[in-house]
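>>> Fold the following and give me the result.
(chains A and B)
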Amino acid sequence: MPSLSRRQFTTSVGAGLLLSPFLRSLRADAAPTKRPKRVLLFCTMGTSPPLWTPTNVSGENAFTFTDSTQPLSAAKDSIVLVDGLVSGNPGDNHGSPDGLSGLGFSYSGQPAMISVDQFIGDSLMGQGINRPIATLLLGANTNSNGGRTMFNRQNNLPTISSPLSAYNTIFGGAAPAGGTGMTSAASTANLLRRRKSILDLVNGEINGLRAIVGSDDRAKLDAHLDSLRQVENRLTQMSMPSTGAGTGASACMKPTTVPADDATNVLNTNLVHMDLITSAFACDITRVAAIQFGSDQSMNVDLADQMLQGEEHGGFIHGGGPTFTNLIKLEQWLSQRFVDLITKLKSIPEADGSGTLYDNTLMVWARDMGDAVNHNQQNMRFVFAGATGYLKTNPAGRYLHFDGTDPNSRHERALLSICDAMNITNYAGFGDPKLAATSKMPLPGLAA
Amino acid sequence: MLVALGCTGRISGSGTPGATSTGSAAGASGGNAGASVAGGAGSGAAGMTATTLAAPPTALASAQPCTSQSPGQRILRRLTAPQFQNTLRDLFYGDTTLPTVTVFSDPLVLGFSADAGALLVQGLNAQQLADYSETVASWAVMNHLSQLSSCTTTDATCRQQFINAFGRRAFRAPVTATQLSAYEALFAAEASFSDGVTAVVTAMIQSPYFLYRRELGAGSGATVSLTPYEVASSLSYLLTGSMPDAQLQAAADQGQLATQQQLDQQASRLLQDPRAADAVMTFMTGWLGLDRVGTVVKDNTVYMPSPTLTASMAGETRAFLLDAFTNNLPVSSLFTANYSFFNQELAQFYGIYPSDGTQLGSSFTKVTLMPNQRNPGLLAQGSIMTGYSDAAISSPVLRGKLVRIRLLCQNIPPPPANVNTKLAPPTQTQTTRQHFSQHDQDATCAACHHLMDPIGDGFEHYDEWGRWRDQENGIAIDATGTVVGGGANGTDVAFNGVTELSTYLSTNDAVKQCLVRYWAYFAYGSDSWPQDACTYDAINGAAGQYGLHDVLTAIIHAPHFTQRDGS
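Numbers count the residues shown, from 1 in each chain, chains lettered A, B, ... in the order given. Reported below is the predicted structural model:
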């Protein structure tokens, strides 16, 4: 369908059905009755906009899902589709770093580019909310062929690919490692003492080395020191038994089998990642998790059930037009996986009785490019779900279309909505420093 | 001198951003150049000056003339993921039951996991290391305590003996007094000898002296020499992918790595090590993208291969390249060799059998290619042709790009933004060449694709599995091609088929110098100008006929291997 400006959109659905932008802004500023305590970022690469954009739109609750997004219709009462947002990207192009930072990959100003997952992780720590893992980033095949992830902090961050590595990372440090025979409380205390001593020793060595190397290497060692601070954070929590990972969480089930690595089929690996994130949430090991499917350069797709074999970026996106049959199949599969996650999180009760994991998790399907075929960030799109009580939903589904020519429809605002949901309202250090204060706020109409 | 190539030619003044990029850190496909630690919450220790991580390169730097005799900067190089695993295996006496390593997941930069600027301990890595080191230490104490220490008492003599001996191997250099003191304190806090060993091993695996190879040198002055221990590590990781063995450690201890002759003796010895073949292939795999044959997804509705076919293809190329390396064959021969290495499966697949009737088995045997069989050389091998193809059809784009980027060291920037890159799907009524000719019809596409597609067209006798074909969809194959700007003074070079293209490449000095660029980058972990210009000149001057062994030796002989800028 032709793109509607906000004015056209508002007129077409009637003022009574849609809040004006001004009112929406006011509503966004109002305190929601409930906020989620965790975020799950479901990151896939951009698609071709016509494959995704809802059709037959006659109001934010009246629209038709496309073939690509059809599986989402099964969860339409839980989701909000958002599109038409523009990036602050000054250059456009392959945009993995852009999707979650609101800034383009060629951005090099200050403050440094940081993706929303890292910003939230830092902000939660600033609020005294410390979990063993500040941000859990999983994803297979995200760094081949020059591909990058959507996660940034100083530089582009790698995802953990190997399921075994992810498993060990999530569950490995929560309890004393085997082999020492130490199981008593005294032994655990002894192990924590040892870990603290080792941490101090390694910190000292790095600082000693830092004093004799050049600036490039100092930056490397600073990244290392930053990484060690997360170890320190985890040790601090483990010294406080009541907040130890998994303690008291009835739904916390450490997977009994260690997942095997499957390097031959990256999408199978991603399925394991989804399960591991769910387990990490149930055990309250992390409050911020992300999964990335492929990268802005390539993703090998081998889905026997879909009769789909090929490569996403060069093949399905650039070589699949005008019908994009394969890309549609892939998008359907991804949509179904998003719904699977909704279903799974809904099935797991919170340990403290506060509903299900789903109720307390803001799920966000984010993408690197708005239009992957044309390599730009001019029409960024999201799917929001979860966060019961925060996210405004409708039994018929919701579709919020923004007018890309409106300076208020910057895609950074969707990212600020994630911050807002997590009760982070100080945006200093995140996003485009030049974005006007009137736009430096959550998306209107998203929150209840 | 190598020439960096921009997408110019058919359209002038296209103004496409980055179209002439040669891969500076902030280039068209660059990352977050200039991102700074200072902005990240909680980063940077108090009182420290903010530091900036340089973005990894997206292309080899443009060539510049040698104007400085500086041997290059001091550098820290974190062990790559395979080096980390190999080192732990060898640190614990080659025990392959080492607990599965699951710590690092590094990006490939320029095809390699070698760039010192991209090999970091960041994010959750420190936690992963902390957990993994505990697992390994417990395993090591359970399985190797008697090898780790000949004494088992907790007195100062015994624990110092252990810390010095194990630390010497883990740090690949003698334990300093400061280090000894710190690890002694750690040990002394434990109740038993085995717990002390557990604590020390756990800590040393997390130590920066284990994790980073130091190429810092000692002393001061305009130029400083790397220490014998640093040279030993450089040699060992380059040639075996792991820590120095006992003989190399002894040579370092005795200061016997100071002359080229001493380096050559050790290098010759290490190249006899069974691990050396893997180390050479680690470079070759990164240079030529040989892993692609095992990772590219194919459409099994077009062709269903045997489960072992791609492994056999990789095996052919491995045997071919290792034979060339072992026999010090010139790089030019890689393109012109009228032989390859087949097992029974490949012979059957290609329909090429030894002319003398030799029966082939599962291992790889040298087979001479006869006229009217497959084209000579590396480029016609299944691993290359299959890896550089799409799922259902061949890819002149990928094959042309391979030649430009990996063999000629020219950069092809990614498509500019806001260009419709939609290509109509292939049909049953045209050839793959005709399908990709859509690129010629759009001036913006053609600006870059005319550098790739006309080279890739020359491979069109090989389908997406590297099988020879005379026709496609009933249409005769046209394997004529052009290396646009590839001749003297930038003239075009026309050719027909892989043999003629390979002949062109085999006689092109740019190919030889390109091999040096990539191998030096792999060996040194960095690619920067201007100081490296002199390094490359030194290597090119010493490489003779560019025998593969000679090139590697020249890299070891270059000043950068043993010296650094001390200022």
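
>>> list the contacts for the closest residue to A:G204 other than its chain neighbours?
Leaving aside its sequence neighbours, A:G204 sits nearest to B:A182 (C-beta to C-beta, 6 or more residues apart in numbering or on different chains; 6.8 Å). Any C-beta I mention is one placed from the backbone N, CA and C, and that applies to glycine too. Each residue near B:A182 by C-beta atoms under 8 Å, 6 or more residues apart in numbering or on different chains is listed here: A:L201, A:G204, A:E205.

>>> List the ones among the residues you listed that fall in helices.
Judged by DSSP state H, the contacts of B:A182 include A:L201, A:G204, A:E205 as members of helices.

>>> Tell me the buried residues in stretch B:164-174?
Of all the residues in stretch B:164-174, those buried under the rule 16 or more other C-beta atoms under 10 Å in any protein chain shown are B:F166, B:G167, B:R169, B:A170, B:F171, B:R172, B:A173.

>>> List just the nearest of the residues you listed to B:T386.
B:R172 (39.5 Å; C-beta to C-beta).

>>> Now the closest one. Nearest residue, chain neighbours left out?
Closest to B:R172 by C-beta to C-beta, 6+ apart is B:S233, at 4.9 Å.

>>> That neighbour: what's it in contact with?
B:R172, B:R213, B:R214, B:M243, B:P244.

>>> got a winner among these for most neighbours?
B:P244 (27 neighbours; other C-beta atoms under 10 Å in any protein chain shown).

>>> host element of it?
B:P244 is part of no helix or strand, with elements assigned from DSSP states H and E.

>>> Check A:T66 too.
In the assignment (DSSP H and E), A:T66 maps to no helix and no strand.

>>> picking up where we left off before, columns neighbour count on top of the contacts of B:A182, output as a markdown table?
Output for the contacts of B:A182, formatted as a markdown table (neighbours: other C-beta atoms under 10 Å in any protein chain shown):
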| residue | neighbour count |
| --- | --- |
| A:L201 | 21 |
| A:G204 | 12 |
| A:E205 | 20 |
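
>>> ranges for the helices of the stretch 251-400 of chain B?
Assigned by DSSP state H, counting those that start in this stretch, the stretch 251-400 of chain B shows helices spanning B:260-271, B:275-288, B:292-295, B:309-326, B:333-336, B:344-350, B:382-387, B:396-401.

>>> between these, which gets nearest to chain A?
helix B:292-295 (6.3 Å; C-beta to the nearest C-beta).

>>> Return the helix or strand in the chain with minimum mean pLDDT.
Going with chain A. Across the helices and strands of chain A, mean confidence by mean pLDDT, DSSP states H and E is lowest for helix A:6-13: a mean of 34.

>>> other chain: chain B
Bottom-ranked secondary element of chain B by mean pLDDT, DSSP H and E: helix B:531-542, a mean of 85.

>>> by contact count, what packs against it?
helix B:509-524, helix B:548-557, helix B:559-562 (3 or more C-beta pairs under 8 Å, 6 or more residues apart in numbering or on different chains; DSSP states H and E).

>>> Highest mean neighbour count out of the ones you listed?
helix B:559-562 (a mean of 23; mean count of other C-beta atoms under 10 Å in any protein chain shown).

>>> Now that one - C-alpha only, PDB.
C-alpha atoms of helix B:559-562 as PDB (Å, rounded to 0.1, in the frame of the first residue of the first chain):
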ATOM      1  CA  PRO B 559      63.200  -6.700  10.600                       C
ATOM      2  CA  HIS B 560      59.700  -6.600  11.900                       C
ATOM      3  CA  PHE B 561      60.000 -10.200  13.100                       C
ATOM      4  CA  THR B 562      62.800  -9.400  15.600                       C
END
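
>>> Now do it: everything it contacts.
With C-beta under 8 Å, 6+ apart as the test, helix B:559-562 has contacts from B:69, B:71-72, B:225-226, B:231, B:234, B:263, B:520, B:523-524, B:532, B:534-535, B:538, B:555.

>>> now that helix: mean pLDDT?
What helix B:559-562 shows for mean pLDDT is 94.

>>> try stretch B:237-245
On average, stretch B:237-245 scores 98.

>>> can you put the helices of the stretch 251-400 of chain B in JSON lines and add distance to B:M142 and mean pLDDT?
Listed next are the helices of the stretch 251-400 of chain B as JSON lines, based on distance: least, C-beta to C-beta, whole Å; pLDDT from 0 to 100:
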{"stretch": "helix B:260-271", "distance to B:M142": "31", "mean pLDDT": "98"}
{"stretch": "helix B:275-288", "distance to B:M142": "26", "mean pLDDT": "98"}
{"stretch": "helix B:292-295", "distance to B:M142": "35", "mean pLDDT": "92"}
{"stretch": "helix B:309-326", "distance to B:M142": "35", "mean pLDDT": "98"}
{"stretch": "helix B:333-336", "distance to B:M142": "47", "mean pLDDT": "98"}
{"stretch": "helix B:344-350", "distance to B:M142": "42", "mean pLDDT": "96"}
{"stretch": "helix B:382-387", "distance to B:M142": "42", "mean pLDDT": "98"}
{"stretch": "helix B:396-401", "distance to B:M142": "49", "mean pLDDT": "97"}
